[in-house]
Structure formats: structure tokens, C-alpha cells
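Enquirer: predicted model follows, preceded by the sequence.
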Amino acid sequence: MAKCRGLLHMIGRQGRGHPAGLAHTHRKRGGTLGSGHVPFSVVPNANEDNPSALSQVQRRAVSELLRVAPVADDLARRFQEAGFSLALVGGSVRDALLGRLGNDLDFTTDARPEDVLKIVRPWADAVWEVGIAFGTVGCQKDGYQVEVTTYRSEAYDRTSRKPEVSYGDSIEEDLVRRDFTVNAMAVALPEKEFIDPHGGLDDLAGRVLRTPGTPEESFSDDPLRMMRAARFAAQLDFEVAPEVVKAMKDMADRIDIVSAERVRDELNKLILSAHPREGLTLLVDTGLAAHVLPELPELRLERDEHHRHKDVYDHTLIVLEQAMALESDGPDLVLRLSALLHDIGKPRTRRFEDDGRVSFHHHEVVGAKMTKKRMTALKYSNELVKDVSRLVELHLRFHGYGTGEWTDSAVRRYVRDAGPLLDRLHKLTRSDCTTRNKRKANALGRAYDGLEERIARLKEQEELDSIRPDLDGNQIQEILGIKPGPAIGQAYKFLLELRLENGPMEHDAAVAALKEWWAAQQDAE
């Protein structure tokens, strides 16, 4: 096992070609110079290149780990007193080095789950056993979400969707089964010993994703790791090593063994990341998207010979990025999914017209149905499916607005149909303009500004957010002298259409209109 130099020493060096503060170690992968365990705290003057001060990354890592030390060290001492080991591991170590460690702390131990429970129950503020079948005990302490997982190894039965879990006895055995080398580092506690047997720090410095063993072995153990590669590329803006990409291409069909729920959760993390284009492109290029979201690669339409329509796939990724730029309160899964799926009806509706133009008539209606089907297959909630498919259906509505020709009635219907999704529909519609023609883009922008101003003005006048008839069901029943039944619903619908067409009505005028409508209904019978 390769020997690692002191962590603070290594990350203090400024290596060429690496991010400032994170430098490549002077060790070849797979070397056999030592144990791979070194003290975490190395004095600053051990760094001959920068003897006067710790680097920014050193300070970040130390600061992050000192922040969680009271909780981490206290827990480690309790494990030590019970005769067990404990180490901060995986994403927690990676994120500490990147200066982005949150309040979720992952630990690994040689203690079995039943022993972990005995240790944490008297210590934690709350304990949960949701993941105990996989060797994980969760708990909360002083605002930190803690997960302690027994050393383990996982493998997939090729006919099963669930991993087979077996417990190990060493941290080295545990680290080799982790997905990527940047997640296969640990800090043993409470002594702060840094453990990096697979060159994770090297790869973190190089911003590259590799697997501890061969990617083929890793992806055979858990095929979802192929999607994780795309997700980490999107989250961390890392490159995926060529041998990992090749294995993803060769083994893409193995993703079919993974449950829809796990695929969905991984896809969500990718879509909500800082750089989803990178991850989505990797899914498409490796063939994984053809299995988990086939509508996306299908957007790579061949252009007609006259190049009369834009690349729908690239347009979609641009729309996604433009929608992200309009987010005002953090990543919005509904908005991002809507942007990603808004044009998936185009391949099925593409027509080459006699005049050489390409049309996609009613692609928004077809796309809404396809969105509902795909999201249902991925086990999204009914509410999320409804919201995203509705936005896909409505995303073209604005294009009938022109330069403001809509009547107030049409504006009211736009607001009514969007309902609580109106703000997202504004953002999706604005994002859907990817033309390079600045004059056209500016004209569309001004037109939508005008629409939003009209909506705001009507809202002030008419309370558009809660459009309803001027008479309620009880009033309808009383005025017409009828009992509850279908006629009440029909009358309500008539009054709602009247309200949308004309705006608010005085009570007497609404009553008169209702009676006139009712008389016409009676005559028709």
C-alpha cells in the first residue's frame, strides 16, 4: 500500500496544473512504499516550499475539521472506550478538503450495527435505524446529522436490485469498496490519522474521478456508480477518467438492474447540481441516458439539409442553464425538470413541410404526456409529475401573445391555467428563447415584460391569484331554487367563464346573468 505524506504538507504544495492550494503528491498510483496512514497534523515548516504559512486549502481543511471536532472526537472516544475504531470517511473528508463540509458527517467503524446502537443511543439527541439492514445507523447530535456505517463490502446479484451486504474487519477493506478514490479517504479519530490507500488526494488535486479498483469491478458491484460518476462530474466539475468512461459505455445496460427509485434520486442530485450539463452530457455520451431517460438522447435530431431548425438537444441544455440563472431561492427541481423535458415531444411530432420548413405541431401536448409517463416510471410523486407535465404543456402558450394582442380575458386564462406555477412558467418561457438573433430576442423579452406588467396590473384590480365566479355554489343553489346536483357545477362553470371573459361583476349583474343562462337551459330541454 502506498505511503501518503502528511495531509497538511501535501495540500500545501502548489503543483503545476492543479487548483491553487491542492497539489499532486510525489507518489505513483499503486506504489508500495508504506502503510498509507500518516498523522493528520503536520507542522507547517515541514513544507519546504512554503515554510512560513499554511496554504489556503490547509487552513480550510483544518478549519472544517476543527469545527466538527467537538462532536466527532466525543463520539470517537466513546467508540474507543468500547473497544472499537471510528473514522470520518468518504464525502465528509473530500468536502473538508474542498472547504464545503456541511453538517452531514459520515463515519465508518469496525463495530457491528447492534454495538453502534449501544454506543450512540445514550449520546445522541435522536437515533434512527432506517439503513440498519445495510449496516448504517443514523443519529442527530448538536445540529449534526451523523451516519455510522460498519466496515462492509457490497456486491450485486445480477438478477437482484438489492446489494448483498457483508461486514469487514479493516478500514482498508472498506475503502476499496467505495465508488471513487476521492471518496475513499478517511481520517481516523480521535488521533487524526489520515488514510488514503488509493491516491484519493492525488485525484482530488487533479480534479479527476477514478475508481479504487478497476471500474469494471466497481460497476459490477453496484451499477448505480456509473450514474454517480456523472453526478459527481456535475457537482464537483471534475473530469471522469478515460478508463471509467469506457467502462460506463461498455456496461451501460447494467443500470437496468437498479431500482427506479435509486436511479431517480441520483438523477435528481445531478439535475440540482451546479453543472448539470456536464453530467447529462456524460449520461448521453456513454449510453446510460438511453436506459434511464431515453427522451434526452432522442433530442439529438439530425438537422434537415437546409439547417432550418436548431439542434433540439443543445437547445434543451441551454434552456436548462438559462432557467438556472433565473432561480431566486436555490435550485428548483420542478423548474429544472421542466426545462430539461420541455421539448421531448419534438422527435415524435417533427414534420418536413412542402416548403422545406420543419414543424413540431402540438409537441407541447405530446411532450406533456411523455413527461407524465417517464416521471411516473421513475417513481416521482404525483404532485411533481403533475407540476412538471403542466409546465411542459404550457411552455408555448406565450407565443400566441405576439406584441400584446391578447385580450384581458386571454391574460386571465393564462394566469388561471398556470395557477401556482405562474412564476415558474414565467422563468421557463423566458429561458426558452435561445435565438442568436439579438433583435428577435430583445423583442420577445419586451413582449414578455409587457405580459407580466399586464398580469401585475390585473392582479391589483381583480385578485387574479384566486379567480373564482362572482357567486358560490350555495348562492347558485338558493337563486335557482334547485337541489345539489350536476346543474350546480354547470352553473358554476358558466359563471367562471363569464368571470374570465369580463372580469369581476357586480352581484346584481351576476345574478341576472345566471338567471338568463338558467332560463336558456330550461328552454333547451
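Expert: Ah, there it is.
Enquirer: helices and strands around the host helix or strand of residue 63, which ones?
Expert: Taking DSSP states H and E as the definition, residue 63 sits inside helix 56-81. Secondary-structure packing of helix 56-81 (3 or more CB pairs under 8 Å, 6 or more residues apart in numbering; DSSP states H and E): helix 7-12, strand 86-89, helix 91-98, strand 104-109, helix 113-120, strand 144-150, strand 186-189. Heads up, the C-betas are built off the backbone N, CA and C, glycines and all.
Enquirer: wait, is residue 469 part of a helix?
Expert: No. Applying DSSP: H, G, I helix; E, B strand; the rest coil, one finds residue 469 to be coil, outside a helix.
Enquirer: so what's it up against?
Expert: For residue 469, the contact set (CB atoms under 8 Å, 6 or more residues apart in numbering) comprises 492, 495-496, 498-499, 510.
Enquirer: and what of residue 251?
Expert: 216, 219-220, 223, 226.
Enquirer: number of nearby residues for the spatially closest residue to residue 292 that is not a sequence neighbour?
Expert: Of all residues not flanking residue 292 in the chain, residue 263 sits nearest, at 5.2 Å (CB to CB, 6 or more residues apart in numbering). By the criterion of other CB atoms under 10 Å, residue 263 has 22 neighbours.
Enquirer: so which helix or strand takes in residue 137?
Expert: strand 136-141.
Enquirer: residue 471: what's it in contact with?
Expert: 479, 495, 507, 510-511, 514.
Enquirer: relative to residue 503, how far out is it?
Expert: 15 Å (CB to CB, to the nearest Å).
Enquirer: before we move on, what about residue 313?
Expert: Applying CB to CB to residue 313 and residue 503 gives a distance of 43 Å.
Enquirer: who's more crowded, these two?
Expert: residue 313 (19 against 16).
Enquirer: please look at the more buried one and residue 295 and confirm they touch.
Expert: No. In terms of CB atoms under 8 Å, residue 313 does not count as a neighbour of residue 295; the distance is 10.6 Å.
Enquirer: ok, back up a step: out of the helices and strands packed on helix 56-81, which gets nearest to residue 346?
Expert: Nearest to residue 346, of all those, is helix 91-98, at 37.9 Å by CB to CB.
Enquirer: helices or strands up against that closest one?
Expert: For helix 91-98, the packing partners by 3+ CB pairs under 8 Å, 6+ apart come out as helix 56-81, strand 104-109, helix 200-206.
Enquirer: residue 208 and residue 243 touch, don't they?
Expert: No. The criterion here is CB under 8 Å, and residue 208 misses it with residue 243 at 10.9 Å.
Enquirer: of these two, who's got more company?
Expert: Between residue 208 and residue 243, counting by other CB under 10 Å, residue 208 is the more crowded of the two (18 against 13).
Enquirer: in contact with the residue nearest to that one when sequence neighbours are not counted, which residues?
Expert: In this structure, residue 208 finds its nearest non-sequential neighbour in residue 239, 5.1 Å apart by CB to CB, 6+ apart. Neighbouring residues of residue 239 by CB under 8 Å, 6+ apart: 207-209, 233.
Enquirer: in those residues, which residue is surrounded by the most others?
Expert: Result: residue 233 is most packed of the contacts of residue 239 (other CB under 10 Å), 27 neighbours.
Enquirer: where does that residue sit, in terms of helix or strand?
Expert: Assigned by DSSP H and E, residue 233 falls within helix 224-236.
Enquirer: all strands for the stretch 351-500 of the chain, in order.
Expert: Using DSSP state E, counting those that start in this stretch, the strands of the stretch 351-500 of the chain run over residues 351-352, 358-359.
Enquirer: out of those, which gets nearest to residue 173?
Expert: The nearest among the strands of the stretch 351-500 of the chain, by CB to CB, is strand 358-359 at 57.3 Å.
Enquirer: against which helices or strands is that closest one packed?
Expert: strand 351-352.
Enquirer: separation between the residue nearest to residue 216 when sequence neighbours are not counted and residue 103?
Expert: Among residues not flanking residue 216 along the chain, residue 247 sits closest, at 5.2 Å (CB to CB, 6+ apart). Relative to residue 103, residue 247 is positioned 34 Å away (CB to CB).
Enquirer: then residue 153 would be within a strand, right?
Expert: Yes. Using three-state DSSP, the assignment for residue 153 is a strand.
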